[in-house]
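Everything below, folded, please.
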Amino acid sequence: MKPYRLFWKLFFAFWVAMMLTFAGTIGFFLTTGAPPPPPDGDALLRPIVPIVSAVVTSLSASLLLAWYLTRPLRHVRWALDQLAGGRFETRVKSQIGSRRDEIADLGGYLDATAERLERLEASRQQLLHDISHELRSPLSRLRAAIGLARTEPADVQAMLARVDLEADRLNGLLDDLLTLSRIEAGSSGLRCDCIDVIELLHAICADAEFEAKASGRSLSIRAPGAFITVVDGDLIYRALENVIRNAVKYSEPATVVDVAAQVARDGDLLEVVVGDRGPGVPDEMLVSIFDPFVRGPAERTGATGFGLGLAIAQRALLAHGGEIFACPRAGGGLSVTLRLPRRAPEGSRQLAG
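Numbering: from 1, shown residues only. Here you go, the predicted structure:
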């Protein structure tokens, strides 16, 4: 009887309401001076017939109403049990039927939640697969370097350098994964720093230009004015740095990486466009390059990486209400646009960086 507690409560409430209505109707006629029944033998039976009829009718109506209201709730309860057991493919809206009320809306919300949980679980499984794959390669190279160092003592220094390189790569991968995890934690994991993003952009470009010159490339920046807003400074720094360093890494030697920033929408939106002269990205990959561990073509540049930079940039901007997208650049290469809305510093909590 436990799953039907609401059913019996509704049934009892409906039945009592109907009986009170019936009693009130009888009381009204009695108090308004209705004539007494004739003194024959059927006088006592005549009131019993409408009373029994009213009781049976109220019982039937109460049962139907209680069943109508609680039946879809049993489907919702079943679906919740399925979701709790990890069966995220469960859907309940089709079982509820064509009714249009709050309970049907509840079924729709439950299906939407189940669909999102199913996508998140699929993403988690894919992420675990990708992480294990990415960890396997540097660990294999580490083991190979250690094995060679043991068998070839003369190459110990070279193998130690290789071990140090692979350790740095693993450390970078773990750092990126921790950043992704912090972003996925939601707004509760974000800091509130009041910073000038244009000034931050100039600092990032200064470092990137130094690296670009070392590899025979150059960088140009056009970012006038200021854009002061409240953001997680570390995440926005990582987002801008990842996109700009990607552009430098994939650009052809002796080419220029262009960085342009402008404040739009009456000062409420910062738009940063980073254009490179690299191999570009096929049209079918313009969206997927922002997924974790997805890399663009690197045959012509020999660039390597884990494919997490653009994923971090996208999630960092989305966490701040912004967006990022890529498109082919005229004349060859790739153009990446980052948009960040302003958040007012009044009343915000400013933490030390």
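
Show me where this structure has its strands.
193-196, 218-222, 228-231, 256-264, 269-275, 323-328, 334-341 (DSSP state E).

Provide the strand pairings for the second one, with the direction of each partner.
Listed by DSSP bridges, the sheet partners of strand 218-222 and their directions read strand 256-264 (parallel).

quick one on the thing from earlier: any chance of the strands of the chain in a markdown table, plus distance to residue 100, mean pLDDT and mean neighbour count?
For glycine as for every other residue, the C-beta is placed from the backbone atoms N, C-alpha and C. Formatted as a markdown table, those follow (distance: least, CB to CB, whole Å; pLDDT from 0 to 100; neighbours: other CB atoms under 10 Å):
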| stretch | distance to residue 100 | mean pLDDT | mean neighbour count |
| --- | --- | --- | --- |
| strand 193-196 | 47 | 92 | 18 |
| strand 218-222 | 55 | 95 | 16 |
| strand 228-231 | 43 | 93 | 21 |
| strand 256-264 | 43 | 94 | 18 |
| strand 269-275 | 40 | 95 | 21 |
| strand 323-328 | 35 | 94 | 16 |
| strand 334-341 | 37 | 95 | 20 |
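
okay, those strands in a markdown table with distance to residue 178 next?
Below are the strands of the chain laid out as a markdown table (distance: least, CB to CB, whole Å):
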| stretch | distance to residue 178 |
| --- | --- |
| strand 193-196 | 19 |
| strand 218-222 | 28 |
| strand 228-231 | 19 |
| strand 256-264 | 27 |
| strand 269-275 | 25 |
| strand 323-328 | 21 |
| strand 334-341 | 22 |
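
Quick one: closest of these to residue 143.
Ranking the strands of the chain by their distance to residue 143 (criterion: CB to CB) puts strand 334-341 first, at 36.1 Å.

could you give the angle of the closest one to strand 269-275?
Here strand 334-341 points in a direction 170 degrees away from that of strand 269-275 (axes from the mean of the first three to the mean of the last three CA atoms, to 10 degrees).

So which residues make contact with stretch 172-186?
131, 134-135, 138, 189, 235, 238, 292, 306, 308-309, 311-312, 315-316, 319 (CB atoms under 8 Å, 6 or more residues apart in numbering).

any idea of the mean pLDDT in it?
What stretch 172-186 shows for mean pLDDT is 75.

Name the residues of it that are buried.
173, 176-177, 179-180, 182-183 (16 or more other CB atoms under 10 Å).

Pull the distance from it to the chain's centre.
Mean-position distance between stretch 172-186 and its chain equals 14 Å (CA atoms, centre = their mean, to the nearest Å).

From residue 205, how far off is residue 220?
9 Å (CB to CB, to the nearest Å).

Mind listing the shared neighbours of these two?
residue 259.

quick revisit: relative to residue 119, which of the strands of the chain is closest?
It's strand 323-328; of the strands of the chain, that one is closest to residue 119 (CB to CB) at 19.4 Å.

Can you pull out the residues in contact with that closest one?
So strand 323-328 is in contact with 239, 243, 280-281, 283, 286, 289-290, 310, 313-314, 317, 334-339, going by CB under 8 Å, 6+ apart.

same check, this time on stretch 80-100
72, 75-76, 78-79, 103-104, 107-108, 110-111, 113-114, 117-118, 121.

That's all I had, so thanks and see you.
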